[in-house]
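# Give the three-dimensional model of this entry:
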Amino acid sequence: MIRAQFLAGAGALASGTQVAQIVPYTPTFRFSVVGPQSGPDGALGRQLVAGVRGAVDEINRDRPSYQSLVLYNVYDDHNVAAEATVQADFATSAPDAMAVIGHLSATTTLATQQLYSNAQIPVIVPTVTDDRITERGYRNVFRLPVKDSDEGGLIATYAIKTGSKSPTSSRRTARTVRKSPPGSCAGPARCTSARWARSSRWTTRPTTMPPAPCSATTRTASCWPATPTTWGR
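Model (predicted):
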């Protein structure tokens, strides 16, 4: 073979050959999210997944190239204990699943704790406050919210220290004062004559006057202002 033919053949071979592109390896971290995605509690479960999606998108967007890409799988347990055990088994069977986020109720969480413990996979409990979640001694369970017994004690301690009333109690008191008739002596004016007569807050008026008029400084349930026109404007 002459040199010209050899060079021509080598050129033709090179032009028809594609050089393989070397794609850099991207490490991944995958976890599972288990919660209701359908049924009566599906909206709550979808909110959980939306929060997970937002956090994962932010992490992946800002991560350096040497850090793992975060991925997740979603499993629908319908917020039913029997279905939760099935979906938890699927979640732990994934070969690359490193952790689980779930579930949304105490019933489903308690029903699956033993399964997660046997799989030796960490579980992050996002919403359940039942004391039993962490009383069983599973070292792979991590609860995000405060448990019921601690939360109740903290609220009681705060109320004692500040003298605060609950919002429900305060609203109930406000409604009582606002709707009380002048003769009930339940308002902030403490039944003084001038302020009681001028008040425009009272929505209930007597249809007939009691026989005994009120004194200038005190009102009781058995007396009303002597002049009906002063009951409120």
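# Mind jotting down where the helices sit in this protein?
Secondary structure of the chain (DSSP state H): helices located at 3-15, 42-62, 81-93, 106-119, 132-135, 148-162, 167-179, 193-198.
# Specify the beta-bridge partners of the closest residue in space to Val56 that isn't next to it in sequence.
In this structure, Val56 finds its nearest non-sequential neighbour in Val70, 5.0 Å apart by Cβ to Cβ, 6 or more residues apart in numbering. Any C-beta I mention is one placed from the backbone N, CA and C, and that applies to glycine too. Beta bridges link Val70 to Phe29, judged by DSSP bridges.
# give me the number of residues near Val70?
Counted by other Cβ atoms under 10 Å, the residues lying close to Val70 total 17.
# And it, how far from Ile133?
25 Å (Cβ to Cβ, to the nearest Å).
# same check, this time on Arg139
For Arg139, the distance to Ile133 - Cβ to Cβ - is 13 Å.
# between those two, who's got more neighbours?
Set side by side, Arg139 and Ile133 show more neighbours around Ile133, with 21 against 8, by other Cβ under 10 Å.
# State the distance from the residue nearest to Val56 to Asp150.
31 Å.
# Ok, Asn60 next?
For Asn60, the distance to Asp150 - Cβ to Cβ - is 35 Å.
# Could you measure from Pro24 over to Arg30?
From Pro24 to Arg30 the distance is 19 Å (Cβ to Cβ).
# neighbour count winner among the two?
Neighbour totals were compared for Pro24 and Arg30, and Arg30 leads with 16 against 5 (other Cβ under 10 Å).
# what's the pLDDT at the more buried one?
Confidence at Arg30, expressed as pLDDT, is 95.
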